[in-house]
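Chemist: what would the 3D arrangement of this be:
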Amino acid sequence: MIALRLFNLFFITSTLEDECEENRGIKTDISLYKRGDLLVVSRTLFKHFGIYLGEGCVAHFIPDILPVFTKEKFIVEQMVTNKRLIFGVLAKTASVRIDSLADFAYGAKIQVNSTDRMVSVQPLNGEEVAQRAEKLIGSFSYSLLWHNCEHYVMYCRYGVAFSFQTFQFCKTVRKILFSRMMAFLSAIIGVFIILHLCAMTPLTTLLIVIIPFTIWMAS
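Modeler: Okay, here's the model as predicted:
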């Protein structure tokens, strides 16, 4: 119980301190955005997405660990900082919430509807996009690859839950794993395992042959 209270206090204190630090001096011109716009900001390793609802408010799907440890509405509604976000990703806990433009941007430059030129379907009407975003407000399970903030906004604006970031990541991983060099390395490792770590049996020999062969054929 003591550990839980200390953990809770750490996140509450960090949230309030980081919010003051990040939002100091930030000014946002809300006249640049229309209800239903898809907004994108760059974070350290990824892009974060949201739907503009009007009057300076943005709906976005964001990981957050804090609701697991406290139900205090005032605390949970504070801006989700990097500490809360990272632990939320690991715990796969997230929610669709409404924040201000400044909190959503987190100090980064906001791009508007940049995905329109990347998809082959026309975006839905702005009001319909915003209403979809509002209907999904609440807590949901989170997956960095299969259910993230980009899936949320793509569904709201285009009717299809898709993530270009996930696609590019999987494409890169496939390129690395299913390369000729990886096939060669897996064959060398397999021979080493047979000769030094285990007896040569039909099963181990078959696996050592199949794995490099599969990688080679997929490359």
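Chemist: CA atoms for contacts and neighbours, from now on please.
Modeler: OK.
Chemist: can you give me the helices for this structure?
Modeler: Using DSSP state H, the helices of the chain run over 2-23, 66-69, 73-76, 82-91, 101-105, 126-135, 149-158, 164-177, 180-192, 202-218.
Chemist: so for the third one, mean pLDDT?
Modeler: Along helix 73-76, the predicted local confidence has a mean pLDDT of 84.
Chemist: using CSV, write out the CA atom coordinates for it.
Modeler: The C-alpha trace of helix 73-76 is given here as CSV (Å, rounded to 0.1, in the frame of the first residue of the first chain):
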residue,chain,number,x,y,z
LYS,A,73,-10.6,12.9,-12.1
PHE,A,74,-8.6,16.1,-11.6
ILE,A,75,-5.3,14.3,-11.7
VAL,A,76,-6.1,12.0,-14.6
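Chemist: and it, what's buried?
Modeler: Neighbour-count burial for helix 73-76 flags 75-76 (criterion: 16 or more other C-alpha atoms under 10 Å).
Chemist: residue contacts, the nearest residue to residue 100 once chain neighbours are set aside?
Modeler: Distances taken as C-alpha to C-alpha, 6 or more residues apart in numbering place residue 57 nearest to residue 100, at 4.7 Å, with adjacent residues excluded. Residue 57 makes contacts with 98-101, as judged by C-alpha atoms under 8 Å, 6 or more residues apart in numbering.
Chemist: okay, the residues you listed in TSV with neighbour count next?
Modeler: Output for these, formatted as TSV (neighbours: other C-alpha atoms under 10 Å):
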residue	neighbour count
98	23
99	21
100	18
101	24
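Chemist: put together TSV for these, with pLDDT and distance to residue 171 on each row.
Modeler: TSV is the format used below for the contacts of residue 57 (pLDDT from 0 to 100; distance: C-alpha to C-alpha, whole Å):
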residue	pLDDT	distance to residue 171
98	94	32
99	94	33
100	93	34
101	93	32
